[in-house]
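**Student:** With the input below, show me the fold.
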Amino acid sequence: MDAGSLAGTEPLSEAGRIDVRRLAAFLRDTIPGCAGEMSLARFRGGQSNPTLLVSFANGRGVVLRKKPDGVLLPSAHAVDREYRVISALRGSDVPVPAAHLLCEDESLTGAMFYVMEHVAGRSFWDPSLPDMAAADRGQIYAEMRRVISALHALDHEALGLADFGRPGSYFARQVARWSRQYRASETQPIPAMDGLIEWLPRNMPAERAPALLHGDYRLDNVIFHPTEPRILAVLDWELSTLGDPVADFAYHTLTWHLPPDPFRGLGGRDLRALGIPEEPRYRSAYFAATGLPATTAREWNTYLAYSLFRVAAIRQGIMKRVVDGTASSPHARAAGALAAPVAELALGFAQRAERSDR
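**Tutor:** Prediction:
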């Protein structure tokens, strides 16, 4: 998928179940500074919760993020959890947009939604950062590593998030959850997923102390300052929870293990020439920053297998929405079609974990 096709916004051709007139009146009444006629545009990137740029005639702009229309999988598209976590993180060492309101009245947009600050800055969809100098690329990735390290160092209890995830058995619960989600959205057999559903419960890493996890921390889910290598906002907290911080970090490093086509990864790139740290060095910097014990080869490959298993389950959910006619992106079919290739990559890391014992 071309990274350029995912950047920016496009006009909202059909409002669907959004009552534009009532929504405009509601936002003008509840969010200071919203005045005049309202227009809506859809952010091109993203496959899950529809995200809209809401602009008013007086120049005020906010972002609305809603659940998709139609019948949804249990616990998916949790915009209320997103709203709660960005509200809690405001003012912490992890930059987030200001949260304005959560609305559970489905008559306005057809589903629950929340509204947050529109953070202007740079979004990057190609992890090779082709328009940058090597030194600037290195600074971008150093900032990515700094922020995820800061996230995992937060005191989630002090932030009021002690109950944001169930204590203990993180991997067992997550593997069971994503197995259920996959089965509920299965549109055709994927043998690699069957193998992973059997293998993962028998090969879970040792339990670590829980931390606040983002769940989908990637380059395209952050907004950078317009000119500085500084993150202004971390977005898309739909999958956030409490759990093993190394699992969150391993998911983040999938970019290094996926090929550029069709996954927009860094696999096979000359990272030294690009000025981007190689994955082992990036990983070592994370463990040094957090003080967490480093993983064994078997553990790390297991974390990667689990992370890709999650991705495959998510992509299968996208394909299910395509089949059901509720997909929120025109790129959804191409994204969902990658469920099987991702599952096969995940199974490869599971096999690598097995070999590391020999």
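**Student:** how near is Ala211 to Ser149?
**Tutor:** Counting by Cβ to Cβ, to the nearest Å, the separation of Ala211 from Ser149 is 10 Å. Every C-beta, even on glycine, is put in place using the N, C-alpha and C of the backbone.
**Student:** Need the residue closest to the centroid of this protein.
**Tutor:** The C-alpha lying nearest the average C-alpha coordinate of the chain belongs to Asp216 (Cα atoms, centre = their mean; 2.7 Å).
**Student:** got a list of what the nearest residue to it once chain neighbours are set aside touches?
**Tutor:** Spatial nearest neighbour of Asp216, chain neighbours left out: Leu239 (5.1 Å); criterion: Cβ to Cβ, 6 or more residues apart in numbering. By Cβ atoms under 8 Å, 6 or more residues apart in numbering, Leu239 lies in contact with 213-216.
**Student:** how about Leu239, secondary structure?
**Tutor:** Of the three states, Leu239 takes coil according to DSSP: H, G, I helix; E, B strand; the rest coil.
**Student:** Check it and give its pLDDT.
**Tutor:** Predicted confidence (pLDDT) for Leu239: 91.
**Student:** One more: Gln188?
**Tutor:** pLDDT, read off for Gln188, is 89.
**Student:** count of residues packed around it?
**Tutor:** Burial of Gln188 is recorded as 9 neighbouring residues (other Cβ atoms under 10 Å).
**Student:** Including distance to Asp270, could the contacts of Leu239 go into TSV?
**Tutor:** Shown next, in TSV, are those (distance: Cβ to Cβ, whole Å):
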residue	distance to Asp270
Leu213	31
His214	29
Gly215	30
Asp216	27
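**Student:** most neighbours, which of those?
**Tutor:** That'd be Leu213 among the contacts of Leu239, by other Cβ under 10 Å, with 28 neighbours.
**Student:** give me the element the nearest residue to that residue once chain neighbours are set aside is part of.
**Tutor:** In this structure, Leu213 finds its nearest non-sequential neighbour in Asp248, 4.1 Å apart by Cβ to Cβ, 6+ apart. Asp248 belongs to helix 245-252 when assigned by DSSP states H and E.
**Student:** Please work out the average pLDDT along that helix.
**Tutor:** For helix 245-252, the mean pLDDT works out to 98.
**Student:** Give me the distance between the following helix or strand past that helix and the centre of its chain.
**Tutor:** Going down the chain from helix 245-252, the next helix or strand is helix 254-257, by DSSP H and E. Averaging C-alpha positions (Cα atoms, centre = their mean, to the nearest Å) puts helix 254-257 14 Å from its chain's average.
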